[in-house]
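# turn this into a structure:
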Amino acid sequence: MVKGLIPVEGEIIAYSKSNLSYIFVKEFFEKLGYEFLGEYKDNSYIIKTPKGEEENLMKKLTEKYSQFFEKSSLRYSKLDKRFEFIANLENLVQNLNESVEETNFSDKLKEISNYILDYED
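Numbers count the residues shown, from 1 in each chain. Below is the predicted model of the structure:
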């Protein structure tokens, strides 16, 4: 559990070992009776569980299927939003690096500043 954040009910993130294919992971969870919602990030996937069963599936992955999965965690939509914000900010900064010699450099700085100031957690 992440301090101060509320997890998404009925969803976990399963972190697979790097040699597993997307199709294997999808079929694996479907055979266990869970809905596969898709890829989260590299080698991690969002799995839908019945509400209240998140911890049970995470324990099952750790105890019975550790050969396939490194770890699992609850999913937090606020973390997803923060990671997306950071990725977008990194892109803006990269664009800033590319325009350092251009005349619109100040405009790019203002764009980054506004992006940060407009963020609501």
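# ranges for the helices of this protein?
All helices of the chain, identified by DSSP state H, fall at 22-31, 54-64, 77-98, 105-117.
# same for the first one, what does it pack against?
Packing contacts for helix 22-31, counted by 3 or more C-beta pairs under 8 Å, 6 or more residues apart in numbering; DSSP states H and E, involve strand 11-16, strand 35-41, strand 44-48. For every residue, glycine as well, the C-beta is placed using N, CA and C.
# what distance do you get for the most centrally placed residue in the chain to G4?
Nearest to the geometric centre of the chain sits Y40, at 4.8 Å (C-alpha atoms, centre = their mean). With distances taken as C-beta to C-beta, to the nearest Å, Y40 is found 21 Å from G4.
# got the domain ranges for this protein?
11-75, 79-117 (automatic domain parsing).
# any idea which of those is most buried?
With neighbours defined as mean count of other C-beta atoms under 10 Å, the domains of the chain peak in mean count at domain 11-75, which reaches a mean of 15.
# quick one: that one to chain centroid distance?
13 Å (C-alpha atoms, centre = their mean, to the nearest Å).
# does Y119 touch F85 like I think?
Yes. Using C-beta atoms under 8 Å, Y119 is in contact with F85, at 5.8 Å.
# could you tell me the least trusted of the domains of the chain?
Ranked by mean pLDDT, these end with domain 79-117 at the bottom, a mean of 89.
# got the end-to-end distance for it?
18 Å (C-alpha to C-alpha, to the nearest Å).
# offset the numbering so it begins at 834, please.
All set: I'll call the first residue 834, so the last point we hit is now domain 912-950.
# rewinding a little: tell me how far the residue nearest to the centre of the chain lies from E844.
10 Å.
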